[in-house]
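Peer 1: quick one, fold the following:
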Amino acid sequence: MQGNWHEGNRFTLLAEAQQFLPEMFRAIEGAQASVILELYLMESGRLADALIETLGAAAQRGVTVLLLLDDYGAMGLEERDRRRLAELGVAMRYFNPLAWRSLAHNLTRDHRKLLVIDGERAFTGGFGAVDAFLGAWYEVAVRIEGPVVVDWVRLFSRLWDSPLSRGEGDAALVRGLKVLPEVQPGYRGMRGRVVWGQGHRYQAIRRSLLAQLDAAQQRVWICTPYFAPTLSLRNHLVRAARRGVDVRLLLPGAAHDHPGVRFAGQRFYGRMLRAGVRIFEFQPSFIHAKFSLADDWSAIGSCNFDHWNLQWNLEANQEVHDPRFAAEVSALFERNFLASQEVDPARWASRPMLQRLREWLWGCLDALLTRLR
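Peer 2: As a prediction, the model looks like this:
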């Protein structure tokens, strides 16, 4: 599903945790009425400790603080930290608690990432409350101000109030939230919309990206940490490259938290490279960011372009159609391309047999997972 396009927004690109984490913490510290936070990953550690303290301080001064976590993604959050949050007055709910009813039921996870302060400012990206985001993983976020914040709050509210979300936090708490998005007077705003999915085999984010691939005239640049694309996405990438569009993929290098996913995706490199797609593997660290650029359209959010995310998870991206913001995203891509190793087509064609075997084995497993119902 997707929200309507809204004019008059302000989007601020926040590259790397050194930028977005301090700003998000300052925003929570300055909250006057409400803080809503939705995360997939939250694990006990330094970052979680700091977040618990900051959320708790807001709740103690009378701010309504709602924390929605995915039940599976929060398995690493220790019981003492859960009790601490509750004692400090943070209302908590967990999406889709794990159960023995069926495998398919457990597979749908809330992979969204969202922070909204006082119904005025929002943040989204690929972040989580795990210590890896303090330096081991490269991530990107965006600060959102303006009318589109309303759609983010509505998206959160529906899931908080859903029968699939359970916990001690009152489901009705979201009904009293005030949403007052504002931008500075006289600001010539940006055009944006929220695109999201409701779970099993949704199509909205995929369709939006494919539409941009078809419409692009100059460039299509995609950064995703887990590249195991559907056949339709592979075909659209190839077609765009063959008609002369500058198609580039920014993907993780050897520093990967799930090497098997990398091998599964590499089995598609050959066809991409022969069509003229340029592939860059990021070298400094594991790149966990999810952002895309097609001419003056860009998207930043939670969705990876692999079968799992596109078929099972609840995801949400912020889309922006604005040349100024696109220029910032383009500059970010260029910096990351310089920190990457480009895959040479000739060398890739002569890669060792062991590498080919890894691609085949993990590709078979990936194909099996896509058949799960």
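Peer 1: hey, C-alpha coordinates of the longest helix anywhere in the chain in CSV?
Peer 2: Longest helix in the chain, counting residues (DSSP state H): helix 353-370. Extracted in CSV, the C-alpha atoms of helix 353-370 (Å, rounded to 0.1, in the frame of the first residue of the first chain):
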residue,chain,number,x,y,z
MET,A,353,34.9,-23.0,-9.0
LEU,A,354,34.6,-22.8,-5.2
GLN,A,355,32.9,-19.4,-5.5
ARG,A,356,30.5,-20.9,-8.1
LEU,A,357,29.7,-23.8,-5.8
ARG,A,358,28.9,-21.4,-3.0
GLU,A,359,26.6,-19.4,-5.2
TRP,A,360,24.8,-22.6,-6.3
LEU,A,361,24.4,-24.0,-2.8
TRP,A,362,23.1,-20.8,-1.3
GLY,A,363,21.0,-20.1,-4.4
CYS,A,364,19.2,-23.5,-3.9
LEU,A,365,18.4,-22.6,-0.3
ASP,A,366,17.2,-19.2,-1.3
ALA,A,367,14.9,-20.7,-4.0
LEU,A,368,13.5,-23.2,-1.4
LEU,A,369,12.7,-20.4,1.0
THR,A,370,10.7,-18.5,-1.6
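Peer 1: what residues of it count as buried?
Peer 2: 358-359, 362-363, 366, 369 (16 or more other Cβ atoms under 10 Å). From N, CA and C alone the C-beta is placed, and that goes for glycine too.
Peer 1: nearest residue to His256 other than its sequence neighbours?
Peer 2: Distances taken as Cβ to Cβ, 6 or more residues apart in numbering put Arg262 closest to His256, at 4.8 Å, once the chain neighbours are dropped.
Peer 1: hmm, Tyr269 and that neighbour touching each other?
Peer 2: No: using Cβ atoms under 8 Å, Arg262 is not in contact with Tyr269; the gap is 10.7 Å.
Peer 1: what about this structure, any weak spots by pLDDT?
Peer 2: Applying pLDDT under 70 to the chain picks out residues 1, 101-104, 182-187, 198-202, 306-311, 369-373.
Peer 1: that one: helices as residue ranges?
Peer 2: Under DSSP H, the chain gives helices at 17-29, 46-60, 79-87, 103-107, 149-160, 204-215, 231-242, 259-266, 269-275, 307-311, 323-338, 345-349, 353-370.
Peer 1: nearest to Ile36 among the ones you listed would be which one?
Peer 2: Set against Ile36 and scored by Cβ to Cβ, the helices of the chain come closest in helix 149-160, at 5.3 Å.
Peer 1: tell me which other helices or strands that closest one touches.
Peer 2: When contacts are defined as 3 or more Cβ pairs under 8 Å, 6 or more residues apart in numbering; DSSP states H and E, helix 149-160 packs onto strand 34-39, strand 64-70, strand 114-117, strand 121-125, strand 190-196.
Peer 1: make it 10 Å
Peer 2: Judged by 3 or more Cβ pairs under 10 Å, 6 or more residues apart in numbering; DSSP states H and E, helix 149-160 is in contact with strand 6-15, strand 34-39, strand 64-70, strand 91-95, strand 114-117, strand 121-125, strand 190-196, strand 316-321.
Peer 1: what would these look like in TSV with mean neighbour count?
Peer 2: Output for the helices and strands packed on helix 149-160, formatted as TSV (neighbours: other Cβ atoms under 10 Å):
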stretch	mean neighbour count
strand 6-15	19
strand 34-39	24
strand 64-70	24
strand 91-95	23
strand 114-117	26
strand 121-125	24
strand 190-196	23
strand 316-321	25
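Peer 1: out of those strands, which is closest to Ala215?
Peer 2: Ala215 sits nearest to strand 316-321 of all the helices and strands packed on helix 149-160, at 11.1 Å, using Cβ to Cβ.
Peer 1: measure the residue most central in space within the chain to Pro259 for me?
Peer 2: Nearest to the mean C-alpha position of the chain, by Cα atoms, centre = their mean, lies Ser302 at 1.4 Å. Distance of Ser302 to Pro259, given as Cβ to Cβ, to the nearest Å: 22 Å.
Peer 1: do the same with Trp5
Peer 2: Using Cβ to Cβ, one gets 39 Å for the distance from Trp5 to Pro259.
Peer 1: related to what we said a few turns ago, what's the overlap in contacts for Arg262 and Tyr269?
Peer 2: The contact sets of Arg262 and Tyr269 overlap at 227, 251, 281, 359 (Cβ atoms under 10 Å, 6 or more residues apart in numbering).
Peer 1: can you count the residues close to the first one?
Peer 2: Phe227 sits with 24 neighbouring residues when counted by other Cβ atoms under 10 Å.
Peer 1: I figured it hits His258, correct?
Peer 2: No: at 11.4 Å, Phe227 does not count as touching His258 under the criterion of Cβ atoms under 10 Å.
Peer 1: for the nearest residue to Ala172 once chain neighbours are set aside, list the residues it contacts.
Peer 2: Nearest residue to Ala172, sequence neighbours excluded (Cβ to Cβ, 6+ apart): Asp161, at 7.5 Å. Going by Cβ under 10 Å, 6+ apart, Asp161 touches 93, 170-175.
Peer 1: how much space between Asp161 and Ser34?
Peer 2: According to Cβ to Cβ, Asp161 and Ser34 sit 15 Å apart.
Peer 1: what does Val247 give?
Peer 2: Val247 is 42 Å from Ser34, by Cβ to Cβ.
Peer 1: may I have the beta-bridge partners of Met42?
Peer 2: Under DSSP bridges, the beta-bridge partners of Met42 are Ala129.
Peer 1: that one and Asp131 touch, don't they?
Peer 2: No: the criterion here is Cβ under 10 Å, and Met42 misses it with Asp131 at 11.0 Å.
Peer 1: many thanks, have a good one.
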